[in-house]
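Trainee: need a structure here:
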Amino acid sequence: MMEQPIALIGFMGVGKTTVGSLLSEKLSRPFIDVDKEIERHHGMKIRDMFATYGESMFREEEKKFITHYAKQEGTILSLGGGAFLQEDIKTICMEECLVLFLDISWENWRERLDELMEDRPVLRNKTVEEIRELFEERKSLYQAHHKKFMTDGWSEEEVADHIIESLQLK
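Mentor: Have a look, this model is predicted:
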């Protein structure tokens, strides 16, 4: 299991990047934030990619990057909240990676909404009710996973430690 890539999934803003970074440090494994890699490669923010090229171009890039990194031994991947919208991504991750779903309740996630609005293009111009619908819809995407970790009431550090303990990675 130590060599199998780990893919962190869950709704935007749940803490995948922070938890992934902590796991990387604690397990001495490389960490890849797929969204950041796409931004670095294209030299632009995802919100600008959405505005300039549209969501479909971004989703193609997302699939290409995840397909590549999901086959790299020992990596810890943080996937964007919408990555599992694509069946190809879901399939490759379920076959190649240990997929960990970081879950959060709507009430706890709602507290983070204001800080997430600017950098999350899929949240723009939506009401709180529409965002809640998106939150609930996406939960069904994340049902394809190997293990679920509820993050309510836990710091990112505690979530990372709990993952390591429960998977017996050390």
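Trainee: Just the helices from the protein, written as ranges.
Mentor: Applying DSSP state H to the chain gives helices spanning 16-27, 34-42, 46-53, 55-69, 87-96, 106-110, 113-116, 128-141, 156-167.
Trainee: Mean pLDDT per helix and strand in this protein: which one sits at the bottom?
Mentor: helix 113-116 (a mean of 73; mean pLDDT, DSSP states H and E).
Trainee: picking up where we left off before, mean pLDDT for the helices of the chain: which is lowest?
Mentor: Of all those, the minimum mean pLDDT falls on helix 113-116 (a mean of 73).
Trainee: Distance from it to the middle of the chain?
Mentor: Centroid separation for helix 113-116 versus its chain: 17 Å, with Cα atoms, centre = their mean, to the nearest Å.
Trainee: Name the residues of that helix that are buried.
Mentor: For helix 113-116, a neighbour-count test (16 or more other Cβ atoms under 10 Å) marks nothing as buried. Every residue, glycine included, has its C-beta placed from N, CA and C.
Trainee: which residues sit against the longest strand seen in the chain?
Mentor: In the chain, taking DSSP state E as the definition, the longest strand is strand 98-103. For strand 98-103, the external contacting residues (Cβ atoms under 8 Å, 6 or more residues apart in numbering) are 1, 4-10, 14-16, 19, 93, 139, 142-151, 159, 163, 167.
Trainee: What subset of those residues is buried?
Mentor: By neighbour count, with 16+ other Cβ under 10 Å, the contacts of strand 98-103 hold 5-10, 14-16, 19, 93, 142, 145, 149, 151, 159, 163, 167 as buried.
Trainee: my guess is Ala70 contacts Glu96, does it?
Mentor: Yes. Between Ala70 and Glu96 there is a contact under Cβ atoms under 8 Å: 4.4 Å.
Trainee: just checking, Val128 touches Leu113?
Mentor: Yes. Applying Cβ under 8 Å, one finds Val128 in contact with Leu113, separated by 7.4 Å.
Trainee: number of nearby residues for Arg47?
Mentor: A total of 16 residues lie near Arg47 under the criterion other Cβ atoms under 10 Å.
Trainee: Same question for Phe101.
Mentor: Counted with other Cβ under 10 Å, the neighbours of Phe101 add up to 23.
Trainee: so who does the closest residue to it other than its chain neighbours touch?
Mentor: Leaving out its chain neighbours, the residue that sits closest to Phe101 by Cβ to Cβ, 6 or more residues apart in numbering is His145, at 3.9 Å. Contact analysis of His145 by Cβ under 8 Å, 6+ apart lists Ile9, Val99, Leu100, Phe101.
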